[in-house]
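Novice: got a sequence here, can you build the structure:
(2 chains)
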Amino acid sequence: MNTTTGLDQHAAAWLADGPTELSDRVLDAALREVHVTKQRRAPRVPWRFPHMPALSRATGIAAAALVAVIAVGGVMYLNSNKSDGVGSQKTPAPTAARTIEPTVAPTPRPSEVAPGILGWKTYTSAVYDYTISYPDDWSVAARATEKWQPGASEDDPFWDIFLNPEAIDGDSMVFQALQFSAPDGADLASWDGLLTALTEMCANPEEFYDETPCPSEGMTLMCLGSPGCQPVAFVYDTGLPQALFGDPGTGTVTYILVGRPDNFPAAARYGGSVMLMKSILSQLGIREPRPGETPN
Amino acid sequence: MQAALVERARSGDEEAFASLARAAGDRLLAIAYRILRDLGLAEDAVQQTLVLAWRDLPSLRDVERFDAWLRQLLVHACYREARRRRPWATNVRVLPLDQPERADDAAAIVDRDQLERGFRRLPPEQRAVFVFHHYLGLTLPEVAAELGVPLGTVKSRLHYATNSLRAALEADLRLPNDSSQERSA
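Specialist: Just a heads-up that it's a prediction; the model follows:
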């Protein structure tokens, strides 16, 4: 048998064999669960940009459909723990290796930085006091002017927002982030502690950030820092790449998300929204855990 | 028609969502089964997918992309199910090889057995790429777009998956004619 030429044929025939009908039992169970599941409102992407004097109206409208990022407190952690951290100068090259101590951490896999990112700029939030790197052809579309507080309106300016250059409605990426307080005494330095804190926040939306992803929603571990691994919860099963990590020193949680769940054309440049998210996270020193690695 | 249903479901219309779920259910199950190779897990993945789709539908801005978005949710549900049920490598389906009518039939069954065995050893990410390409018939750029990963990653995953399956088949060729000892693993 010629397995080189025959594999596709065999595979196609083999894959064709199998169930193709969903039982009513499963469908009914799903619909019963749907009946008791509350829909989430769309991500809180600010649709107005009051602090964008340099942007034209057209761009502003486009920006509303797009956008931006944020970043946050992780950098504070990095600044206090890493000698190189996220630079305050524009970095000339896109690789994450530029921001990770090469003698301490292995060079990140090329797949960790999207090929469409050719360089980085840094941004320091006056409100949250964090610094983030964002692709150097992006722009700061809005600056947070107040911290998020319980009861805040989604129109309140508590986001720092970064806009991609393809700022055309329907062809842009949205990154946004914010910081909020974790429950008192939360152990944000351990994975279990982080999940416990998120569980409590998720269960008490009136007291904490009211769209905190719940730990049951498919969170996976990423690591902040190297060596060592401060836990970062990465979520994708909602269709939106999201990351949450805490600052054990201040008890704050940084929440970053890509506001576009779909593969909009602009996402292709970055290999998809997950890749874009991971690229930005890599600039914060957030990486995939190594085999067998567990949080500190 | 579907776009209108998606719009209604996005606004909280459960009836519209039920129509969408009924229309998509079979497709989702077929894909999930082929990735997971286990009917129970596939059903769980589909159920999760439908509930997540309902919950997050308001975040879907382009209703025309509903099907692709749903498949993306499904794939991630499959990843979760796959990881929930490790290890799989020893979970081998036993096929009826005892009395093949013809030598060709026996060979075909052995091939399928080896494919099954080899496929179960693949990480779920490679399985998804293989299924999207060979079962759904998507081109590699289409697979990349559907799964939200770079084209290079898709090529790499398909390459490894194909090589693994080819190795499984070739290993079978090196076995003596009586392959029953393989099936007892």
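
Novice: for residue 135, which non-adjacent residue is spatially closest?
Specialist: Just so you know, I chose chain A. Distances taken as Cβ to Cβ, 6 or more residues apart in numbering or on different chains put A:Ile117 closest to A:Pro135, at 4.6 Å, once the chain neighbours are dropped. (Glycine included, C-beta is placed from N, CA and C.)

Novice: not quite, go with chain B.
Specialist: Leaving aside its sequence neighbours, B:Tyr135 sits nearest to A:Leu15 (Cβ to Cβ, 6+ apart; 4.3 Å).

Novice: what residues of the one helix or strand the one you found maps to count as buried?
Specialist: Element membership of A:Leu15 [criterion: DSSP states H and E] is helix A:3-16. Judged by neighbour count using 16 or more other Cβ atoms under 10 Å in any protein chain shown, the buried positions of helix A:3-16 are A:Thr3, A:Leu7, A:His10, A:Ala11, A:Trp14, A:Leu15.

Novice: how about stretch A:287-296?
Specialist: Neighbour-count burial for stretch A:287-296 [16+ other Cβ under 10 Å]: A:Arg287, A:Glu288, A:Pro289, A:Pro295.

Novice: related to what we said a few turns ago, can you lay out the buried residues of helix A:3-16 as JSON lines showing pLDDT?
Specialist: Formatted as JSON lines, the buried residues of helix A:3-16 follow (pLDDT from 0 to 100):
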{"residue": "A:Thr3", "pLDDT": "43"}
{"residue": "A:Leu7", "pLDDT": "78"}
{"residue": "A:His10", "pLDDT": "80"}
{"residue": "A:Ala11", "pLDDT": "84"}
{"residue": "A:Trp14", "pLDDT": "88"}
{"residue": "A:Leu15", "pLDDT": "92"}
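
Novice: how is chain B carved up into domains?
Specialist: B:2-84, B:103-183 (automatic domain parsing).

Novice: lowest average pLDDT across these?
Specialist: Out of those, domain B:103-183 stands lowest, with a mean of 78 (criterion: mean pLDDT).

Novice: who's in contact with the residue nearest to the spatial centre of chain B?
Specialist: Chain B has B:Ile35 as the residue nearest its centroid, 2.1 Å off, counting by Cα atoms, centre = their mean. B:Ile35 makes contact with B:Ala42, B:Val75, B:Cys78, B:Ala82, B:Pro124, B:Arg127, B:Ala128, B:Val131, according to Cβ atoms under 8 Å, 6 or more residues apart in numbering or on different chains.

Novice: go on, A:Tyr270?
Specialist: Contact partners of A:Tyr270, counting by Cβ under 8 Å, 6+ apart, are A:Ala114, A:Pro115, A:Gly116, A:Ile117, A:Met173, A:Leu276, A:Ser279.

Novice: check what pLDDT it gets.
Specialist: 82.

Novice: returning to what we had before: so for the next helix or strand after the helix holding A:Leu15, mean pLDDT?
Specialist: Per DSSP H and E, the first helix or strand lying C-terminal to helix A:3-16 is helix A:24-35. Per-residue pLDDT over helix A:24-35 has a mean of 93.

Novice: contacts for helix A:24-35, please.
Specialist: B:14, B:17-18, B:21-22, B:25, B:29, B:43, B:46-47, B:50-51, B:54.

Novice: ok, which of these also contact chain A?
Specialist: Contacts with chain A within the contacts of helix A:24-35, counted by Cβ under 8 Å from any Cβ of the partner chain: B:14, B:17-18, B:21-22, B:25, B:29, B:43, B:46-47, B:50-51, B:54.

Novice: these into TSV, with extra columns for secondary structure, neighbour count and distance to A:Ser125?
Specialist: Shown next, in TSV, are these (DSSP: H, G, I helix; E, B strand; the rest coil; neighbours: other Cβ atoms under 10 Å in any protein chain shown; distance: Cβ to Cβ, whole Å):
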residue	secondary structure	neighbour count	distance to A:Ser125
B:Glu14	helix	16	41
B:Phe17	helix	24	39
B:Ala18	helix	20	44
B:Ala21	helix	25	42
B:Arg22	helix	13	47
B:Gly25	helix	22	45
B:Leu29	helix	26	46
B:Glu43	helix	25	45
B:Val46	helix	31	42
B:Gln47	helix	27	41
B:Leu50	helix	30	39
B:Val51	helix	21	36
B:Trp54	helix	26	35
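
Novice: low-scoring stretches of the stretch 151-296 of chain A, by residue?
Specialist: A:153-155, A:166-174, A:216-218, A:237-240, A:259-265, A:296 (pLDDT under 70).

Novice: circling back: which of the contacts of B:Ile35 lies closest to A:Thr252?
Specialist: The nearest member of the contacts of B:Ile35 to A:Thr252, counting by Cβ to Cβ, is B:Val75 at 33.2 Å.

Novice: tell me the contacts of the closest one?
Specialist: Applying Cβ under 8 Å, 6+ apart, the residues contacting B:Val75 are B:Ile31, B:Ile35, B:Ala128, B:Leu147.

Novice: okay, the angle between the host helix or strand of the first one and helix A:24-35?
Specialist: By that I understand B:Ile31. Using DSSP H and E, the element containing B:Ile31 is helix B:14-36. On the basis of axes from the mean of the first three to the mean of the last three Cα atoms, to 10 degrees, helix B:14-36 is oriented at 130 degrees to helix A:24-35.
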